[in-house]
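Student: My questions concern the predicted model and sequence given below.
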Amino acid sequence: MSCKGFKSGNVKKLNGAEKRKSQRHFLTLTNMLQISELYVYPIKSLPGISLKSGRITDRGFEHDRRWMLVDENNRFLSQREIPEMTQLAVTLEKNGIRVTDRRNGDSLFIPFRSNNAEGKNLAEVTVWDDTCTGEYVSVEADNWFSNALGINCRVMHMPDDSRRMVDQQYAPGDNITSFADAYPFLVIGQASLDDLNGRLTEPLPMNRFRPNIVFKGGLPYEEDLMAHFAVGGLDFYGVKLCARCPIPTIDQNNGLRGKEPLKTLAKYRQRDNKVYFGQNLIHRGDGVISVGDALEVKNFHTAERFIISNQTPKFSEIDKTLV
């Protein structure tokens with residue numbers, strides 16, 4: 001792909017001097033980016049929690065998707081099949097998480113510390129095509145969720161010694177993740193949601209897309225091209241654009257399904273019969289990042305798999321903003 005002079009659906013090769021100039025322009029603009037929202041999702045596919053600061057561990061944000069509901073075959077359950085999961089709100093407490101059914105106020109407390117000291121309640125669980133080790137939380141938790149959702153299910157926790165690798169096709173190496181779909185983080189720019197909402201009859205909130213990191217500043221869909229950026233001294237690497245499943249069509253307040261935003265996104269963010277919004281990340285190091293931190297882009301993608309022809313940021317426009 002090109003940088004300066006890039007046009008939708010047209011890839012122009014630059015010489016070395018032109019490419020270096022365009023890289024400088026792009027990085028100058030992206031250095032103005034700032035973290036605006038952070039989210040953690042302790043139980044996979046249940047509502048998220050907004051954070052002011054988040055601690056980064058070896059597999060993503062602390063507590064992020066370390067719990068998961070499974071069926072009788074120990075396969076994960078999600079809003080894709082059970083939209084009522086949107087009604088089970090999660091909050092962080094000092095010694096654990098609390099899940100509250102917003103429909104009736106019933107709640108369940110799940111401690112951070114497991115009672116499974118002897119490893120007697122371990123089992124292999126499945127997330128998509130991956131199998132990893134989880135531990136059953138408790139019969140009480142199983143019954144609570146089964147009653148709340150009207151199905152038979154169990155609650156699993158990922159112990160620290162369970163290591164689930166990220167998708168090696170796109171991120172080879174020793175990176176691990178939790179019960180997330182495939183990667184530790186999802187990043188989305190506020191400008192991207194603003195652009196989408198400008199195309200919709202009714203605007204949608206960011207929670208439809210379940211990101212971990214949201215930033216403000218820059219152009220719509222700038223996150224597509226972020227190959228390496230730093231926040232708070234920690235390094236993040238973009239590895240794969242996020243192909244969206246039907247979950248963004250589910251209203252996170254009431255669990256009702258609709259056609260948007262996928263119907264509109266398909267008109268301009270589709271490639272190979274998949275709709276893309278946001279980019280998946282891996283990381284290096286541990287520490288804390290906070291809302292308000294600067295997001296400094298170090299490098300950007302040039303491979304065509306990161307380019308959505310109709311809506312990749314136009315670097316000729318970036319040049320104009322810097323004049």
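Tutor: Structure's in. What do you need? Numbers count the residues shown, from 1 in each chain.
Student: so what's the closest residue in space to residue 281 that isn't next to it in sequence up against?
Tutor: Nearest in space to residue 281, with sequence neighbours left out and distances taken as CB to CB, 6 or more residues apart in numbering, is residue 185 at 3.9 Å. Every residue, glycine included, has its C-beta placed from N, CA and C. If a contact means CB atoms under 8 Å, 6 or more residues apart in numbering, then residue 185 has 60, 61, 212, 213, 236, 280, 281, 282, 283 as its contacts.
Student: try 7 Å
Tutor: Taking CB atoms under 7 Å, 6 or more residues apart in numbering, we find residue 185 in contact with 60, 212, 213, 236, 281, 283.
Student: Could you do residue 85 as well?
Tutor: Neighbour list for residue 85: 45, 46, 79, 149 [criterion: CB under 7 Å, 6+ apart].
Student: Assign a three-state SS to it, would you?
Tutor: When classified by DSSP: H, G, I helix; E, B strand; the rest coil, residue 85 comes out as helix.
Student: now swap in residue 141 and tell me
Tutor: Using three-state DSSP, the three-state assignment for residue 141 comes out as helix.
Student: could you pull out the helices for the stretch 51-200 of the chain?
Tutor: Ranges of helices within the stretch 51-200 of the chain are 139-149, 190-197, based on DSSP state H, counting those that start in this stretch.
Student: Buried deepest among these, which one?
Tutor: Across these, the average number of neighbours (mean count of other CB atoms under 10 Å) peaks for helix 190-197, which reaches a mean of 19.
Student: And it, what does it pack against?
Tutor: Contact here means 3 or more CB pairs under 7 Å, 6 or more residues apart in numbering; DSSP states H and E; on that basis helix 190-197 packs against strand 213-216.
Student: Show me which residues of the strand it packs on are buried.
Tutor: Residues 213, 214, 215 are the ones in strand 213-216 that count as buried (16 or more other CB atoms under 10 Å).
Student: ok now the next helix or strand after it, how far from the chain's centre?
Tutor: Sequence order places strand 226-231 as the next helix or strand after strand 213-216, per DSSP states H and E. Shown here is strand 226-231, whose average C-alpha point lies 15 Å from the average C-alpha point of the whole chain (CA atoms, centre = their mean, to the nearest Å).
Student: The helix or strand following strand 226-231 pairs with which strands, and in what direction?
Tutor: Reading on from strand 226-231 to the C-terminus, the next helix or strand found by DSSP H and E is strand 234-243. On the basis of DSSP bridges, the sheet neighbours of strand 234-243 come out as strand 226-231 (antiparallel), strand 274-284 (antiparallel).
Student: Report the angle between the longest one and helix 190-197.
Tutor: Meaning strand 274-284. Using axes from the mean of the first three to the mean of the last three CA atoms, to 10 degrees, the inter-axis angle of strand 274-284 relative to helix 190-197 is 170 degrees.
Student: ok, back up a step: can you redo the contacts of residue 85 as JSON lines with pLDDT and distance to residue 68?
Tutor: Written out in JSON lines, the entries for the contacts of residue 85 read as follows (pLDDT from 0 to 100; distance: CB to CB, whole Å):
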{"residue": "45", "pLDDT": "98", "distance to residue 68": "8"}
{"residue": "46", "pLDDT": "98", "distance to residue 68": "10"}
{"residue": "79", "pLDDT": "97", "distance to residue 68": "13"}
{"residue": "149", "pLDDT": "98", "distance to residue 68": "14"}
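Student: Show me which of these is closest to residue 166.
Tutor: Proximity of the contacts of residue 85 to residue 166 was ranked by CB to CB; the top entry is residue 45 with 18.7 Å.
Student: Give me the distance between the closest one and residue 249.
Tutor: In this view, residue 45 and residue 249 are 14 Å apart by CB to CB, to the nearest Å.
Student: got a pLDDT number for the closest residue to residue 56 other than its chain neighbours?
Tutor: In space, and not counting its chain neighbours, residue 56 is closest to residue 286: 5.0 Å by CB to CB, 6+ apart. What the model reports for residue 286 is a pLDDT of 95.
Student: isn't residue 286 right up against residue 59?
Tutor: No. Assessed by CB atoms under 7 Å, residue 286 is found out of contact with residue 59, at 10.2 Å.
Student: Those two: which is more packed in?
Tutor: Relative neighbour count places residue 59 above the other of residue 286 and residue 59, with 24 against 11, counting by other CB atoms under 10 Å.
Student: Who are the contact partners of the nearest residue to residue 189 once chain neighbours are set aside?
Tutor: Sequence neighbours aside, residue 223 is the residue nearest to residue 189 in space, at 4.9 Å (criterion: CB to CB, 6+ apart). Residues in contact with residue 223 (CB under 7 Å, 6+ apart) are 187, 188, 189, 192, 278, 279.
Student: Dump those to a markdown table, plus pLDDT and distance to residue 34.
Tutor: Supplementary listing: the contacts of residue 223 in a markdown table, determined by pLDDT from 0 to 100; distance: CB to CB, whole Å:
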| residue | pLDDT | distance to residue 34 |
| --- | --- | --- |
| 187 | 98 | 13 |
| 188 | 98 | 14 |
| 189 | 98 | 11 |
| 192 | 98 | 15 |
| 278 | 98 | 18 |
| 279 | 98 | 17 |
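Student: Great, nothing more from me.
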